[in-house]
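S.K.: have a look at this fold, sequence not included:
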């Protein structure tokens, strides 16, 4: 019996890993497309927020700087939730709630981490946040998708200011979407957070 070729084993395993990696990225894109199409067809106002909104804005300047994200986050009005639920069900999504967050799972066996996460417009996500979420009309059309406008997106990132939010903000600073004039657009504490990143964009 001939010995196993170790190089062939590594090559096969590497291909499998990369196929899974590429598939994960493609599935996020598909979920985003299905969500936007379903809501648009049902005339439900929405805005893409979170990492996909950052990616869309970054891609307008430098597609090579786009960072992948595993989830899809959208903004909806509370009065549109029932219509959105019907629209997204038609695209295969199942409404659920995880830790008080509305999530649309990708099918009955979908993982919450890979679902559609919903924030309600004009609501504070947490009491300690300086400002509420944006209005639903604070969005722009980018290639057929309703994407939250840049200033509103930056404000959301400054409010939450987790490590990934800071990373997203630094990505936008490094390609010139955000510059030294931006801190004055926000409440003092949010402006101070942004100024810290502007002063040290490499972290």
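M.R.: That came through fine. Because the structure is predicted, anything quoted here is derived from the model rather than measured. Numbers count the residues shown, from 1 in each chain.

S.K.: for residue 74, grab the count of nearby residues.
M.R.: Number of residues near residue 74 (other CB atoms under 10 Å) recorded here: 26. C-beta here means a position set from N, CA and C on the backbone, and glycine is covered the same way.

S.K.: so what pLDDT did it get?
M.R.: Note for residue 74: predicted pLDDT of 98.

S.K.: that one: what's it in contact with?
M.R.: By CB atoms under 8 Å, 6 or more residues apart in numbering, the residues touching residue 74 are 35, 39, 46, 47, 48, 49, 116, 117, 118, 119.

S.K.: does it sit in a helix, a strand or a coil?
M.R.: strand (DSSP: H, G, I helix; E, B strand; the rest coil).

S.K.: measure it to residue 92 for me?
M.R.: Noted for residue 74: a distance of 16 Å to residue 92, by CB to CB, to the nearest Å.

S.K.: let me see the ranges of the helices in this structure.
M.R.: Along the chain, counting by DSSP state H, helices occupy 6-41, 50-59, 81-89, 150-160, 163-174, 188-199.

S.K.: lowest average pLDDT across these?
M.R.: When the helices of the chain are compared by mean pLDDT, helix 6-41 comes last with a mean of 77.

S.K.: next, the buried residues of that one.
M.R.: 28, 31, 32, 34, 35, 36, 38, 39 (16 or more other CB atoms under 10 Å).

S.K.: include distance to residue 55 when you put those residues into TSV, please.
M.R.: As requested, the buried residues of helix 6-41 are arranged in TSV below (distance: CB to CB, whole Å):
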residue	distance to residue 55
28	10
31	14
32	10
34	17
35	15
36	14
38	20
39	19
